[in-house]
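Trainee: please work out how this folds:
(one chain, ligands or ions: 3)
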Amino acid sequence: MKVSSRSRAAVRVEKSRCAMSSAAGVEGRQARISEMRAFLHADGALVREFDSSATEWATTLDANNYGEIRFTYTNKTAKTQTAAKLIAFVDLDVDRDLNGYANEYGVFTSLSLPPGTPASAIAATSWEIDEPGFLFGNIYQHLVAGALDNTNSVPASTPDDVSMALGFPLGDIKAGATVTLVLRTSRIDIGGLRQVDPDSNVSTWLNGYATFGAAGTQDPHLPETPAPPSLILVITGLAGGAAYRWRKWRRGATLLMVVLLVAVGGSSGMLHSTCSAQDTNVGSSRSQPMKAFAIAEQAE
Ligand SMILES: [Ca+2]
Ligand SMILES: [Ca+2]
Ligand SMILES: [Ca+2]
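Mentor: Ligands and ions are numbered 1, 2, ... in the order given. Coordinates of the predicted model:
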């Protein structure tokens, strides 16, 4: 079993830093996908965790970064992978630089297919809305275990850092077969899961479907094939071992780092300039690493 926690630690540090800089007046309205991962389970075990650097990802997003995110997997083994399922995980932050990432909440909408899906589309059958696991959420354990809890642990009454997951049953993946997972982010209701930033009055829906075949080539019902992979990312690879204990340790380390940053950053322009450098990637995210996968909100 492989898990990758080092990059998640980096996400948390970056989030903390940028949330601090927001208090100093960083302008702009935007959302970001701080983390995006896919977990393939088959034969009763986790086959692989794909972080955002995996070449299996590709996106077709509009200028505001709403649209489709695709994950294409091919069984390159010589055996059928049985009872397979794909779980997609997205940690989206809305207006992080304006009002932080912890002022948001989730709403379960439905497990119905998003509109305009092909006849072969497989809908999600499990879901989870939770804090990403840096503080109290248990979503990461469930991603690794392959069993989402179908629970919203970040409701409107207790806003926090929202992350979301959808699980898609695939059945058997024969040797050489390809599966495509299509995720959509939308400002209108497409079913699935909804994330709300009440201070910005912004709702973002996440929904998707799975289908066998390489989308746009083997299934004529599928939407147009996206542009060549545009989010082939260059962040950390997979690291092994003891994710939960590591995350508990990291949580303490992160808090310590935040304290240190507060201590040294009050009069420093360095923190702000670092975040500003990331912010320049907003709107041109297709060629940027996932950490700069900033979703520019539409000006309102
Ligand atoms: Ca926010
Ligand atoms: Ca949970
Ligand atoms: Ca979030």
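
Trainee: next, the buried residues of stretch 142-153.
Mentor: 142, 143, 144, 146, 148, 149, 152, 153 (16 or more other CB atoms under 10 Å). In short, each C-beta sits where N, CA and C put it, glycine included.

Trainee: now the nearest residue to the first one once chain neighbours are set aside: how far from ligand 1?
Mentor: Right, residue 142. Residue nearest to residue 142 in three dimensions, not counting chain neighbours: residue 148, with 5.2 Å by CB to CB, 6 or more residues apart in numbering. With distances taken as CB to the ion, to the nearest Å, residue 148 is found 24 Å from ligand 1.

Trainee: now name the helix or strand holding residue 148.
Mentor: If you go by DSSP states H and E, residue 148 is not part of any helix or strand.

Trainee: that one and residue 58, how far apart?
Mentor: Distance of residue 148 to residue 58, computed by CB to CB, to the nearest Å: 24 Å.

Trainee: same thing with residue 12?
Mentor: 26 Å.

Trainee: neighbour count: those two, which is higher?
Mentor: Comparing residue 12 with residue 58 by other CB atoms under 10 Å, the one with more neighbours is residue 12, at 26 against 21.

Trainee: so who does whichever residue of the stretch 101-250 of the chain sits closest to ligand 1 touch?
Mentor: In the stretch 101-250 of the chain, the residue that lies nearest ligand 1 is residue 197 (4.3 Å; CB to the ion). Going by CB atoms under 8 Å, 6 or more residues apart in numbering, residue 197 touches 31, 94, 95, 99, 103, 104.

Trainee: which two among those residues are spaced furthest apart?
Mentor: Spatially, the most separated pair among these is 31 and 103, at 12.4 Å (CB to CB).

Trainee: for those two, indicate the residue with more neighbours.
Mentor: residue 31 (26 against 21).

Trainee: state the pLDDT value of that one.
Mentor: With respect to pLDDT, residue 31 scores 69.

Trainee: same deal with the one 3 residues further on?
Mentor: At residue 34 the predicted local distance difference test score is 86.

Trainee: is the residue lying closest to it once chain neighbours are set aside in a bridge, and if so with what?
Mentor: Excluding the flanking residues, the one nearest residue 34 by CB to CB, 6+ apart is residue 91, at 4.6 Å. Counting by DSSP bridges, residue 91 is bridged to residue 35.

Trainee: bridging across strands, which residues link to the residue of the chain found nearest ligand 2?
Mentor: As assessed by CB to the ion, ligand 2 sits closest to residue 130 within the chain, at 3.8 Å. Here residue 130 sits in beta bridges with residue 163, going by DSSP bridges.

Trainee: contacts only, for it.
Mentor: 137, 138, 139, 149, 151, 152, 153, 154, 163, 165.

Trainee: and these as a markdown table, adding pLDDT?
Mentor: Supplementary listing: these in a markdown table, determined by pLDDT from 0 to 100:
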| residue | pLDDT |
| --- | --- |
| 137 | 96 |
| 138 | 97 |
| 139 | 97 |
| 149 | 98 |
| 151 | 98 |
| 152 | 98 |
| 153 | 98 |
| 154 | 98 |
| 163 | 97 |
| 165 | 98 |
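
Trainee: what parts of the stretch 51-200 of the chain come near ligand 1?
Mentor: 94, 95, 99, 103, 197 (CB under 5 Å from the ion).

Trainee: what about 6 Å?
Mentor: 94, 95, 96, 99, 100, 101, 103, 104, 197 (CB under 6 Å from the ion).

Trainee: please list the members of those residues that lie in helices.
Mentor: Applying DSSP state H to those, the entries found in helices are 96, 99.

Trainee: out of the residues of the stretch 51-200 of the chain next to ligand 1, which one sits closest to residue 85?
Mentor: Checking those against residue 85 with CB to CB, the nearest one is residue 104 at 27.1 Å.

Trainee: can you list the residues of the stretch 151-300 of the chain near ligand 3?
Mentor: So far as CB under 6 Å from the ion goes, the stretch 151-300 of the chain lies against ligand 3 at 161, 162, 163.

Trainee: the second one and residue 154 touch, don't they?
Mentor: Yes: using CB atoms under 8 Å, residue 162 is in contact with residue 154, at 5.0 Å.

Trainee: mutual contacts of those two, please.
Mentor: 104, 105, 106, 129, 131.

Trainee: mind checking how far the fourth one is from residue 176?
Mentor: Residue 129 sits 35 Å away from residue 176 when distances are taken as CB to CB.

Trainee: same thing with residue 130?
Mentor: 36 Å.

Trainee: what does residue 70 give?
Mentor: 19 Å.

Trainee: of those two, who's got more company?
Mentor: Neighbour count, other CB under 10 Å: between residue 70 and residue 176, residue 70 has more, with 23 against 11.
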